[in-house]
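Engineer: Here is my input; please provide its structure:
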Amino acid sequence: MKLITEHMSDIEYIVEGKGKKQYIKGVFLQSDVKNQNGRVYPFSVLHREVKNYNKKYVEKSRALGELGHPMGPTINLDRVSHLITELYEDGKNFIGKAKIMDTPNGKIVKNLLESGVRLGVSSRGLGTVKTNKQGVNEVQKDFVLSTIDVVADPSAPDAFVNGIMEGKEFSVTGEIEHFIRKDVHNTNSKKLDEKKLELFKKFLGNL
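Structural biologist: Here you go, the predicted model:
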């Protein structure tokens with residue numbers, strides 16, 4: 001399975017109540033339409049996942065999202081910026097609303113929004129993609145929605161992180177692989193085994 005991210009940019013900034021709670025609202029997910037990354041999410045897949053996500057996370061106030069582009073499917077609490085409070089169907093789209101939190105990253109989001117910066121959201125989930133008869137990359141039934149993140153550049157090119165998720169094993173490539181290779185390359189041959197063991201322990205610690 002691979003980590004799949006999609007970007008949406010039509011997000012509304014809202015300030016509510018006397019305490020001036022800050023939210024973002026807009027289209028968080030789209031189905032049955034080819035997106036900018038050349039992929040299509042069948043309505044049935046997103047309908048199922050949104051229902052599950054609402055039951056497991058939104059209704060229990062556990063639907064946390066992050067600022068930026070995480071390298072894996074899990075939520076990093078030190079990067080949390082918002083809490084998704086609503087996610088519902090609107091035709092082929094799924095509208096979401098998220099409260100910006102008073103975390104370090106949440107404060108960054110608030111400052112950016114107050115300064116007039118246009119932010120977007122990026123869905124994150126695990127699944128496989130196959131080319132259908134029409135030559136379109138279609139997300140398969142095994143797709144699992146992880147969360148919706150806030151991104152600074154919703155018009156960025158395909159943010160696709162290659163990875164494998166089998167049980168508790170999750171191997172990512174990209175920036176992590178780059179730094180591991182660099183670390184190993186800078187280690188002399190006598191200490192190479194020791195360095196490999198150290199990196200392996202770090203990997204286990206992130207599971």
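
Engineer: Identify the residues contacting the helix or strand that S146 is a member of?
Structural biologist: Using DSSP states H and E, S146 maps to strand 144-151. Outside strand 144-151, the residues that touch it by C-beta atoms under 8 Å, 6 or more residues apart in numbering are 5, 7, 24, 28-29, 46, 49-50, 52-53, 57, 63-70, 73-75, 81-82, 84, 87, 96, 98, 109, 119-127. Placement of C-beta: from N, CA and C, glycine included.

Engineer: Narrow these to those that are buried.
Structural biologist: Among the contacts of strand 144-151, those buried by neighbour count (16 or more other C-beta atoms under 10 Å) are 5, 7, 24, 28-29, 46, 49-50, 53, 57, 63-67, 69-70, 73, 75, 81-82, 84, 87, 96, 98, 109, 119-127.

Engineer: In strands, which of the residues you listed fall?
Structural biologist: 5, 7, 24, 28-29, 64-66, 81-82, 84, 87, 96, 98, 120-127 (DSSP state E).

Engineer: which stretches of this structure have low pLDDT?
Structural biologist: 1, 5-11, 13-19, 153-207 (pLDDT under 70).

Engineer: Quickly list the domain ranges of this structure.
Structural biologist: The record's domain parsing of the chain by automatic domain parsing lists 2-161, 174-205.

Engineer: Which positions within stretch 96-115 qualify as buried?
Structural biologist: 96-101, 103, 105-106, 108-110, 112-113.

Engineer: ok, so of the residues you listed, who is nearest V40?
Structural biologist: G96 (19.6 Å; C-beta to C-beta).

Engineer: Next, work out how far apart T103 and L77 are.
Structural biologist: 9 Å (C-beta to C-beta, to the nearest Å).

Engineer: same question, Y41
Structural biologist: 28 Å.

Engineer: of these two, who's got more company?
Structural biologist: Remark: of Y41 and L77, Y41 carries more neighbours, 29 against 9, as counted by other C-beta atoms under 10 Å.
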